[in-house]
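In: Fold the following.
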Amino acid sequence: MARICTYCGLETTSKELNCEHCGKPLEITKSNASTRLFQYYINALKQYANFNGRCSRKDFWMFMLANSIIVFVGLFIGLSLLTVLIESVLSYLLVFVLIFSSFIYSTFMLIPILAMSVRRLHDQDRSGYFLLFNFIPWIGNIAVIILLALPGTPYDNRYGPYQS
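Out: Here you go, the predicted structure:
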């Protein structure tokens, strides 16, 4: 039976009453995979603009997966509605709403994605300035993706303590 911290979202099988990470009380839960996936998303949003500390590979990629699922579900629903309403006055309104809502969501998610990326680089004992490689077309983007996929340092570094 897994125990999950209601404050930081850490899942553990330890018999301790308090979370190893934040010290808050643990709660026994039966969580399924989708609940855990979106818990990573919620935990990332709780640290909306936190550029300090470290972020594990699993935390980062699960957050990105949950974010991608939300985007694709939104696009699927929008395009499905658009095909039903094709060549009607409502289709133009729907296109406007889709573009506007995707702009708002992208703007809202820019800071958490940057914060998670910086913390992911911190986990490897690298500066967040490595994200500036994204401004180099093609090669820079691929380099940043590779950097984000590399494992972190298995010891404490200048950005914080090691998190298993």
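In: pLDDT weak spots in this protein?
Out: Along the chain, segments meeting pLDDT under 70 span 1-4, 6-10, 14, 26-35, 164.
In: and with 50 instead?
Out: Filtered on pLDDT under 50, the chain yields no residues whatsoever.
In: Strands of that one, residue ranges please.
Out: Assigned by DSSP state E, the strands in the chain fall at 3-5, 11-12, 26-28.
In: So in the protein, which helix runs the longest?
Out: The helix that spans the most residues within the chain, counting by DSSP state H, is helix 89-123.
In: Now do the contacts for the residue nearest in space to the middle of the chain.
Out: Within the chain, one residue has its C-alpha closest to the average C-alpha position: by Cα atoms, centre = their mean, that is Phe63, at 2.6 Å. The contact partners of Phe63, by Cβ atoms under 8 Å, 6 or more residues apart in numbering, come to 40-41, 43-44, 112, 116. Bear in mind the C-beta positions are built from the backbone N, C-alpha and C, glycine included.
In: ok, these vs Asn157, which is closest?
Out: Within the contacts of Phe63, distances to Asn157 taken as Cβ to Cβ reach their minimum at Met116, with 17.4 Å.
In: give me the number of residues near the closest one?
Out: Neighbours of Met116 under the rule other Cβ atoms under 10 Å: 23.
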